[in-house]
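Participant: Structure for this input, please:
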Amino acid sequence: MGHEYKITAKLTQKQRSEIAELLENNRYFYERDEKVVEFRHPENNGKMPNLYVGFEPDGLYVCQNGSSYLWTYLDDLKEYFEKEIVDFEIIDYSE
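Facilitator: You can find the predicted model right below:
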């Protein structure tokens, strides 16, 4: 199991769509369904992605399988929250 986080935030449908698009433009984007976005390095051919982000009603669920730092590969998401002044809270499930 990776390092799990919850980013709680009240996101509008427009923000959710913009975040999904932002994540799909990430160079490590692998695949997406309606609720989960997976990221994988080209050399990773194992079963687990490097990272996945799940859309939940109260924010985003993040599982980092290759890092313990929440924002690894998610700098654009962090910048989006700052630019859009999204009020969010981080829950670290490993604490």
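
Participant: When you work out contacts or count neighbours from here on, use the C-alpha atoms and nothing else.
Facilitator: OK.

Participant: so where is this structure shaky, pLDDT-wise?
Facilitator: 1 (pLDDT under 70).

Participant: Walking through it, point out its strands one by one.
Facilitator: 3-9, 29-32, 36-39, 51-56, 59-64, 88-92 (DSSP state E).

Participant: List the contacts of the last one.
Facilitator: Same thing as strand 88-92. The contact list for strand 88-92 (CA atoms under 8 Å, 6 or more residues apart in numbering) reads 4-10.

Participant: which residues touch residue 77?
Facilitator: 19, 22-23 are the contacts of residue 77 under CA under 8 Å, 6+ apart.

Participant: Just give me the neighbour total for residue 81.
Facilitator: 15 (other CA atoms under 10 Å).

Participant: tell me the contacts of it?
Facilitator: Contact analysis of residue 81 by CA under 8 Å, 6+ apart lists residue 87.

Participant: gap between it and residue 65?
Facilitator: Residue 81 sits 23 Å away from residue 65, going by CA to CA, to the nearest Å.

Participant: again, but for residue 87
Facilitator: Separation of residue 87 from residue 65 (CA to CA) stands at 26 Å.
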